[in-house]
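Here you go, sequence then predicted model.
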Amino acid sequence: MSGLLLLIPVAVCLGILALVAFMWALRSGQYEDLEGAGHRILDDDKDKPRPD
Amino acid sequence: MTCCAPGAESFAVQDASGIETDEEALLALSRKLGDGTRQLEFAVPDAHCASCIRSIETALDAMPQVESARVNLSRRRVRVAFDPARGSVAEIAPAIVASGYHTHVVDPDAETDGDPVLRELVKALAVAGFAAGNIMLFSVSVWSGAEGATRDLFHWISALIAVPAIAYAGRPFFRSAWRALRVGRTNMDVPISIGVVLAALLSLFETLRSGEHAYFDASTTLLFFLLIGRTLDHLMRERARSAVTNLARLAPRGAVQVLADGRREYVALNDIAPGMELELKAGERVPVDATVLSGASELDYAIVTGETRPLQVGPGSTVMAGANNLSGTLTIRCDKPSNESFLARMAAMMEAAEGAKSSYRRIADRAAAVYAPAVHTLAILTFLGWGILSGDWHAAILNAVAVLIITCPCALALAVPIVHVVAAGRLFEGGVLMKDGVALERAAQVDGVAFDKTGTLTYGTPRLVRSRTDSDEAMRAAAALAARSTHPLSRALAAALPATPGFAGETTELPGFGIEGRIGTTVWRLGNARWDGIDAEHEGEGSQVWISRDGQPMGFFEFADEPRADAAAAIAALGAAGLPVSILSGDRRETVAALAARLGVADFEAALLPEDKVAAIHRRGRVMMVGDGINDAPALRAAHVSMAPSSAADIGRSAADFVFTGEKLAAVPFVLGTARRAAAIVRQNLALAIGYNFIAVPLAISGHVTPLIAAVAMSGSSIVVVVNALRLRLGDARPVAARPPALQPSGVSP
């Protein structure tokens, strides 16, 4: 039982962390162009993030 | 990298004109970003690889006026932020063309930037997925035997996660259900919302009194599955919409006004008032109904009325909005404001024509109208039955809610949209864009197909059909002269004849007549018979162009609007599928009769006005209308379902339910065949979803449903429905061009 008291908060917190990370990625426009993102890694001329 | 280096020079001429190079029009279209910067989106339909991105972005970043340029490969667009103070915006499109890509500016209304609906759906999906996953962990522990305080703890944590998650992720369904209920209707979201909310409330109640069963897992998983279906459905529609807007360049939203003192000024379409004098260059479309004041030219009415032969106009002629000015510059006086012009009248007629179709109810809504009351009655009966027979009202509530949960139409709500999504994907691969899933349902019901002639059954552009020249020299001269001109007939000639090194002399083009070239003292003329001094009787259907040397006729070329290569095959395929074909055309009777005879179509009507086309459609009942012109738009809207080629007029393309890219009419039987198969699979899915209820509902009524059974039954039935829908991808490959939509800018839009 005492194990659960520690593990459950850890598990839920990790889940929430993943959710927050996803929301952040969504908000910062990382899902706007999935096809282009795949191709851009092949382009080594520009390795700066895009200006916002 | 050479993987995507299309011959830039070949379409440089075509793209470096029109609205893309009109600075004032572009500025009017652009969006303000603040501190003087503005933003425009350009479509780049051919961009498809890493080096495409690089060449476009590098070319644009090098320009002083461009602040930033970003290619979006999924949408085939490039978004450019620019500072008009540091350079002309009109140079941007030519720069993209110079880097090797077709381009045209995108209507800012069609920009899909940060689609708010999609964002909401994806966020809801993420929250529901998180909740469903975590709660399922606790549920598995409960099912595998957690008891007493541990079970209560797990239920409490589940409740903590589930209640906010349902409140957040369920909003799309609650809103839609509320909207339907408020007007006294019911849709599939009503039983969904009631099921989810009641399941959550009952589980809360059970948790409070340390009960054995909580359905938090079922309600969040349900939302998760349904959101997947809804998000896919939305993505499908967005993809079609953005692909359709990528298809063609934007029509100018204004015209150049000639002021009294001779100055020229750009006016927006809505500000054009009767009496204004406007300048219309070759290649531009007539913006409003007007009268010609000066100049001579030929107007192409193919997309307006279906008339294939260009019309000669001079001072005094009246011209209709949407017609394409082929050869000379005209000065015209506006007769009617844009909202009373031909185009606007067509738009009004479209709205009126839609009445019949809007009464169509989707299969899912029809199913919901029967399903929701049945399920709710069943739940109430269960409640009363248990309460009265056993006297245990607590068990009665539990079992009634179990009925609602188990019948919550997860599979039923997925049954239809998932088929539409799969069908849309298949159509997309075959070069057809579907705007809405409902169109697919209607397409499966049609019992006839009506075609427009010009631009639909035919290519809509002249092609060389017959020629006679006295010498190779004349042939070469004709080809060389034609290459110098932008007149449609010259282009068709240049395309049909072998390429030449170019005309070795001075050339001058005379609007309405032709093109003249001098080599030394020899004068070659390529143009109409009258100008070439030939008194030729004009036999046959097509337009003739003559080549002469020093006034001596050396030969002629005849052009006609040819039927599409597979028109006869497509019509035969439709006939074989039991769908009678008819032709509804605005063109002259003889022309239509000749084509109908050639294609083996007995049922045709000619010389139809737009309102006649609507009437002809109504007479024929449930037909699919295939058309491209402005005059077809009301008929496209009036028909049970409609389809347009990508070369169609803007208004026609937006009226049509399906848009096919590529030149093949095989797209029509392809769409109808896919629609029929999809309808069959939808019926199977509905049967599966309802069949599942026949097994699960008795269990629920008799009180044997536990949360475990509910979770398994619901997921199982959803997966069966999705897998069945995927069968649509099987079977013989697409009959249309094996190429995904080419999305070429058509350059045709009124």
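Done, it's in.

Please pull out the lowest mean pLDDT helix or strand from the chain.
All of this is about chain A. helix A:34-40 (a mean of 83; mean pLDDT, DSSP states H and E).

sorry, should have said chain B
Ranked by mean pLDDT, DSSP H and E, the weakest helix or strand in chain B is helix B:8-15, scoring a mean of 34.

Next, see if the least confident helix or strand of chain A gets close to chain B.
Yes - counting by CB under 8 Å from any CB of the partner chain, chain B is contacted by helix A:34-40 at A:34-36, A:39-40. Any C-beta I mention is one placed from the backbone N, CA and C, and that applies to glycine too.

Give me the packing partners of that helix, helices and strands only.
helix B:50-61 (3 or more CB pairs under 8 Å, 6 or more residues apart in numbering or on different chains; DSSP states H and E).

Let me know the next secondary structure element after the helix it packs on.
strand B:66-72 (DSSP states H and E).

List the pairing partners of that next one within its sheet, with orientation.
strand B:77-82 (antiparallel) (DSSP bridges).

what inclination does the partner strand have with respect to helix B:50-61?
20 degrees (axes from the mean of the first three to the mean of the last three CA atoms, to 10 degrees).

for strand B:77-82, the distance to its chain's centre please.
Distance, stretch centre to chain centre, for strand B:77-82: 23 Å (CA atoms, centre = their mean, to the nearest Å).

What's the mean pLDDT across it?
Taken as a whole, strand B:77-82 carries a mean pLDDT of 88.

which residues are in contact with that strand?
B:30, B:33, B:37-44, B:47, B:56-57, B:60, B:65-72, B:89, B:92, B:96, B:103, B:106, B:242, B:246 (CB atoms under 8 Å, 6 or more residues apart in numbering or on different chains).

neighbours of B:Leu457, just the number please.
When neighbours are defined as other CB atoms under 10 Å in any protein chain shown, B:Leu457 has 30 of them.

For it, give its distance to B:Asn187.
Between B:Leu457 and B:Asn187 the computed distance is 40 Å (CB to CB, to the nearest Å).

Could you do B:Ser51 as well?
For B:Ser51 relative to B:Asn187 (CB to CB), the value is 48 Å.

Over to B:Leu226?
Distance from B:Leu226 to B:Asn187, by CB to CB: 13 Å.

quick one: which of these two has more around it?
B:Leu226 (28 against 22).

if I pick the more buried one, what's in contact with it?
Applying CB under 8 Å, 6+ apart, the residues near B:Leu226 are B:173, B:192, B:410, B:413-414.

In CSV: those, plus distance to B:Arg345.
Output for these, formatted as CSV (distance: CB to CB, whole Å):
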residue, distance to B:Arg345
B:Phe173, 41
B:Ile192, 43
B:Cys410, 48
B:Ala413, 41
B:Leu414, 43
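
Could the C-alpha coordinates of the helix or strand B:Ala348 falls within be exported in PDB?
Here B:Ala348 sits within helix B:342-353, counting by DSSP H and E. C-alpha atoms of helix B:342-353 as PDB (Å, rounded to 0.1, in the frame of the first residue of the first chain):
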ATOM      1  CA  PHE B 342     -23.900  38.000 -64.400                       C
ATOM      2  CA  LEU B 343     -21.700  36.400 -61.800                       C
ATOM      3  CA  ALA B 344     -23.700  37.800 -58.900                       C
ATOM      4  CA  ARG B 345     -26.900  36.700 -60.600                       C
ATOM      5  CA  MET B 346     -25.500  33.200 -60.900                       C
ATOM      6  CA  ALA B 347     -24.600  33.200 -57.200                       C
ATOM      7  CA  ALA B 348     -28.100  34.300 -56.300                       C
ATOM      8  CA  MET B 349     -29.600  31.600 -58.500                       C
ATOM      9  CA  MET B 350     -27.300  29.000 -56.800                       C
ATOM     10  CA  GLU B 351     -28.800  29.900 -53.400                       C
ATOM     11  CA  ALA B 352     -32.300  29.500 -54.700                       C
ATOM     12  CA  ALA B 353     -31.500  26.200 -56.400                       C
END
